[in-house]
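Visitor: Sequence and predicted structure are below.
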Amino acid sequence: MTTLPFGPRGREQDPMLARAGELPRDVAPSRDLWPGIAARLDETRQEARPRSFGWPMALAAGVMVASVSALLTWGLMREPKLAPTELAAATLPAAIMPVSYGANSPISTAELVARDELLVQFRERLDELSPQTRDAVVKNLAVIQQAADEIDAALAQDPASGLLNQLLLDAYKHELQLYSKVVTAGGDAMRRT
Amino acid sequence: MSIRFALLSAATLAVLAQAAAAEQNLSKRATVAADATVDVSNVQGNVLVTAWDRNEVELTAVLESDKDQLEFEATDRGVRIKVQRPDHHRYRDEEDANLTLKVPKGVRLMIDTVSADITVDGVRGEQRLESVSGTVETRAYDQPLSLHTVSGEITVAGSGGKAPLTTENISGATIVSGIRGAYEGQTVSGTIDASIAAVQRLDVETVSGDADIKAELVPGARVEMESVSGELSLIIKPPVDAEFDIESFSGDIDTCFGAQPRDKSKYGPGSELAFTQGKGGSRVVIESLSGDIRICDR
Amino acid sequence: MTDLAMAAVDADSDRVARACRGDTRAFEALYRAHVWRVYGLCLRMTGEPATAEDLTQDTFVNAWRSLPGYEGRSSLSTWLHRIAVNAVLAKRRSPQGRNEISLTDNDGEQMDFAAEPEMDEATPIDIERAISGLPPGARDIVVLHGIYGYSHEEAATMLGLAVGTCKAQLHRARHLMRARMRMETMT
C-alpha cells in the first residue's frame, strides 16, 4: 500500500479522497426546516435560560451575576461616576475580546448581556492600567478563552456532564471576576483627580 | 471622598506639597482608638505597615515626585491616607511614593494600591488589601483577611491563628502558610501553594494554574478544589478520615490511598474516584477538566 | 476571494448584526443561505435523512442562541459547521442517539459490513455509499476533511480530538473504503 502525505495535498493525491472532494457540499433537505426552527426561536426568546442545565446551576449563575454586580457597585461607590462622554469614548483595544463560550455552552444570551454591561466599565478602566498589567489581563482573558474552548469541546462529547457544565459556569465566573477586578482594583488610588 | 469616611467630620489635615522640592519627606501622627480603621491608598512605590502598642498612627512618607500630594485625614475612629498624583499619565511615571506606617495592632486595615507593593506585619484586626499589580504580603492572626491583586503575588504567613483567609488574583503566585481554619483561594493562571492546619473549610479554584495544598482536616471538614487545566495536589496530614469524590474529564487521577479511579463511561473519556478513607466524616471534592489530580497523605 | 464571495460575506455580516438584535427575518435569510451546506454535513455524518433534518434544525436554533458570541473569526459557514458537528456528536452520545445513529461499531477493526445500515436503493454504488458505510469516527474525518476540505487541525478541533487521532482515522477510513469499493465491484 502506498503511503500518502496527509493534509490538503494528500487529499488531492489520494484518488479516494479526491473523489470525496468532488461530491456536492450542498444537499437539500426533503422539506423546509424553517417553520420548525422559527417556532423554537420563539420559545428561546421566552425562556430566561435557553439551555437550562438545572435549577441549582441556574440559581448559582444568578447569584454569581448578582454578587459580581454588587462588588462592582461597591467599587464604583468608592469613586466618582464616569461622565457619559467618557463612557462613550471608551473603546476596547482590538486584541481584547470577551470570552466566547461556543455552541455547547449552557450560558444563556441573557447572562451574556449582563456581562456586556460589566464590559463597558472594564473597557474604560483597562485603558488606565500600566502596559504590563494590561498585558496580564489580556493574557489571562486568553487563558479563560482557551479553558472555555476546551470545556466546550469536551461538552460536545459529553453534553450532560455536570462536571463540564460546572466548569464552564466557573470559567464564566472567572471572566466576570476578571472584569470586576479591573474595574474595582486600585480603589481610591485609581480615583480620578 | 470614600464613603467609609463620609461620616467622619472631625479635624482634617491636608498636606499639600510645594512644587519646589524634588523629593518630599513628610511625617504625620494622629491619636486613634485601638480598633480604629486605617485606610490607605497609593499609586506606585510601597506601603509598609507595622503594628505597635500605642493608640497612635504614625506616617512617614517619602514622595519622590514633587507633583504628588499627600492627604491625611484623621479622627479618633479612623485615619485616611491618600497619595494623589494629578498627572493623568501617572502610571508611566517612575517616581515612587513610599509610605511607612505604624498603627495600633487592633486596627482594621484597608489598603488600595495600583502598582505599589503592600507589606503588613503585626496587625491583628481585619485586613482588606488590594493592589492592581503590586505584591501583597501580610501576617494572619484571628480576624478575616481579604487579599486581592490582578497580577501581583500574594504571600500570607500565619501565626497559627484562626483568621478566615480569602485570596484572589489573576496571575502571580499565591503562597499561604501557618494559618488555621478556613481558606478560599482563586486564581486564573497563577499558582496557589498553601499549608493550612485544622481545616474546616477549604475552597481552591484555578483555571490553568496549579494548586498544591497541604492540609490537616478537623472532623466534618469540607474541601473543594477545582481547575480546568491546572494540576491539583492535596496532601492531607494523617490520620485521614474523609470521603473522597474525585472526577476529571481527561486528566489523570493519582492517589496513594489504594483506591483506583474508574472510567466514567465506555463511550468517552473521563475518570472518577469515590472512596472513604478511615472513619470518613470530612468530605473532599476535587474536579478538573484536563488537569491531573493527586491526593495523598504524605 | 471572488467579488461574489466577498458580497456573500458582507451580506452575512449584515444579517448577523441584525439577527443579533433579534431580527428573525435576517436570521431566516442566513438559514436560507446556509441550510443546504449544514444539512449536507449532518446527512453525511449521520447517514439518516430524518436525523440529519432534526440536527440541522438544532444547529440553527443553537446558532441563534450563540450568535452574540460569533466574532467573525471564522466564516459563518465554518462556524455553523462547528455547531452542526457538536450537535451530531451530542446526539451520538445520547442514549437515544446511540440507538438511532450508531451505524457501525466504532471500535473499527471488527467492523462487519453485514451489519451496516440499510441503504437507499436509489443510491448508486459509489464513493458516497462507501463513506456512509464507514464507522462513525472514520466517517467524520472523511466528511470534514475529504468532502468539506477542512484541514486536519480544523477537523480535530471540531471533533474535539487530537490531530494525530484524526490522521489515524483517515488512514483507517481509506483502508476500509478501498475494501468496500473492491467488494462492490466484485458483486
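Guide: Here it is on my side, so go on.

Visitor: does any bit of the helix or strand encompassing C:Gln57 sit next to chain A?
Guide: C:Gln57 belongs to helix C:49-66 when assigned by DSSP states H and E. Yes. Interface with chain A: helix C:49-66 contributes C:Pro49, C:Ala52, C:Glu53, C:Thr56, C:Gln57, C:Phe60, C:Val61, C:Asn62, C:Ala63, C:Trp64, C:Arg65, C:Ser66 (CB under 8 Å from any CB of the partner chain). The C-beta positions use only the backbone N, C-alpha and C, and glycine is treated the same way.

Visitor: which residues sit in contact with the last one?
Guide: In this structure, C:Ser66 makes contact with A:Tyr101, A:Gly102, A:Ala103, A:Ser105, C:Ile83, judged by CB atoms under 8 Å, 6 or more residues apart in numbering or on different chains.

Visitor: does the residue lying closest to the third one once chain neighbours are set aside count as helix, strand or coil?
Guide: Take A:Ala103 and drop its neighbours on the chain: the residue closest to it by CB to CB, 6 or more residues apart in numbering or on different chains is C:Ile83, 4.0 Å away. Going by DSSP: H, G, I helix; E, B strand; the rest coil, the secondary structure assigned to C:Ile83 is helix.

Visitor: wait, isn't C:Ile83 in contact with C:Asn62?
Guide: Yes. The pair C:Ile83 / C:Asn62 is scored as a contact, 5.1 Å apart, by CB atoms under 8 Å.

Visitor: Quickly list what's touching both of these two.
Guide: Contacts common to C:Ile83 and C:Asn62, judged by CB under 8 Å, 6+ apart, are A:Ala103.

Visitor: How about the residue positioned nearest the centre of chain C, nearest residue that isn't a chain neighbour?
Guide: The residue lying closest to the centre of chain C (CA atoms, centre = their mean) is C:Leu41, at 3.1 Å. Closest residue in space to C:Leu41, ignoring its immediate chain neighbours: C:Ala84 at 5.2 Å, by CB to CB, 6+ apart.

Visitor: Count the residues that sit near the one you found.
Guide: 28 (other CB atoms under 10 Å in any protein chain shown).

Visitor: Over to the residue of chain C found nearest chain B: give its phi and psi.
Guide: Per CB to the nearest CB, C:Arg93 is where chain C lies closest to chain B, at 6.2 Å. Reported as degrees, to the nearest 10, the phi and psi values for C:Arg93 are phi -80, psi -20.

Visitor: B:Thr138 in helix, strand or coil?
Guide: strand.

Visitor: Tell me who's in contact with it.
Guide: B:Thr138 neighbours (CB under 8 Å, 6+ apart): B:Ile118, B:Thr119, B:Val120, B:Asp121, B:Val123, B:Gln127, B:Leu129, B:Leu145, B:Leu147, B:Thr155, B:Val156, B:Ala157.

Visitor: quick one: A:Ala147 is in a strand?
Guide: No. A:Ala147 is assigned helix when assessed by three-state DSSP, not a strand.

Visitor: Please name the residues that touch the residue nearest to it when sequence neighbours are not counted.
Guide: Spatially, and ignoring its direct neighbours in sequence, A:Ala147 is nearest to B:Val228 (4.0 Å; CB to CB, 6+ apart). Residues near B:Val228 by CB under 8 Å, 6+ apart: A:Ala147, A:Glu150, A:Ile151, A:Leu167, A:Ala171, B:Thr206, B:Val207, B:Ser208, B:Ser288, B:Leu289, B:Ser290, B:Gly291.

Visitor: cool, and B:Val176?
Guide: So B:Val176 contacts B:154-156, B:158, B:165, B:167, B:183, B:185, B:192-196 (CB under 8 Å, 6+ apart).

Visitor: and of the residues of helix C:49-66 next to chain A, the nearest to A:Arg40?
Guide: Nearest to A:Arg40 among these is C:Val61, at 4.7 Å by CB to CB.

Visitor: follow-up on the earlier one: check contacts around the residue nearest to A:Ala103.
Guide: Counting by CB under 8 Å, 6+ apart, C:Ile83 touches A:Ala103, C:Thr59, C:Asn62, C:Ala63, C:Ser66.

Visitor: coming back round to it: just the pLDDT for the residue of chain C closest to chain B.
Guide: C:Arg93 carries a pLDDT value of 76.

Visitor: you'd agree it is up against A:Asp158?
Guide: Yes. Between C:Arg93 and A:Asp158 there is a contact under CB under 8 Å: 6.2 Å.

Visitor: what's around B:Gly280, how many residues?
Guide: Neighbours of B:Gly280 (other CB under 10 Å): 14.

Visitor: Sorry, slip of the keys, the one I care about is B:Arg262.
Guide: 11.

Visitor: For it, list the residues it contacts.
Guide: Counted by CB under 8 Å, 6+ apart, B:Arg262 has contacts B:Ser271, B:Glu272, B:Leu273.

Visitor: what's near enough to touch the last one?
Guide: If a contact means CB under 8 Å, 6+ apart, then B:Leu273 has B:Phe244, B:Asp245, B:Ile246, B:Glu247, B:Ile253, B:Thr255, B:Ala259, B:Gln260, B:Pro261, B:Arg262 as its contacts.

Visitor: What is the subsequent helix or strand relative to the helix or strand bottoming out on mean pLDDT in chain C?
Guide: One helix or strand of chain C scores below all others by mean pLDDT, DSSP states H and E: helix C:95-101, with a mean of 49. As assigned by DSSP H and E, the chain's next helix or strand after helix C:95-101 is helix C:127-132.

Visitor: and that next one, how far from the chain's centre?
Guide: How far helix C:127-132 lies from its chain's middle: 14 Å, per CA atoms, centre = their mean, to the nearest Å.

Visitor: Next, see if that helix gets close to chain A.
Guide: Yes. Counting by CB under 8 Å from any CB, chain A has neighbours in helix C:127-132: C:Ile127, C:Glu128, C:Ala130, C:Ile131.

Visitor: Also stretch B:48-65?
Guide: No. Using CB under 8 Å from any CB, stretch B:48-65 never reaches chain A; the gap is at least 13.2 Å.

Visitor: can you pull the buried residues of that stretch?
Guide: B:Leu48, B:Val49, B:Ala51, B:Asn55, B:Val57, B:Leu59, B:Ala61, B:Val62, B:Leu63, B:Glu64, B:Ser65 (16 or more other CB atoms under 10 Å in any protein chain shown).

Visitor: For B:Glu71, identify the helix or strand it belongs to.
Guide: Counting by DSSP H and E, B:Glu71 is part of strand B:69-75.
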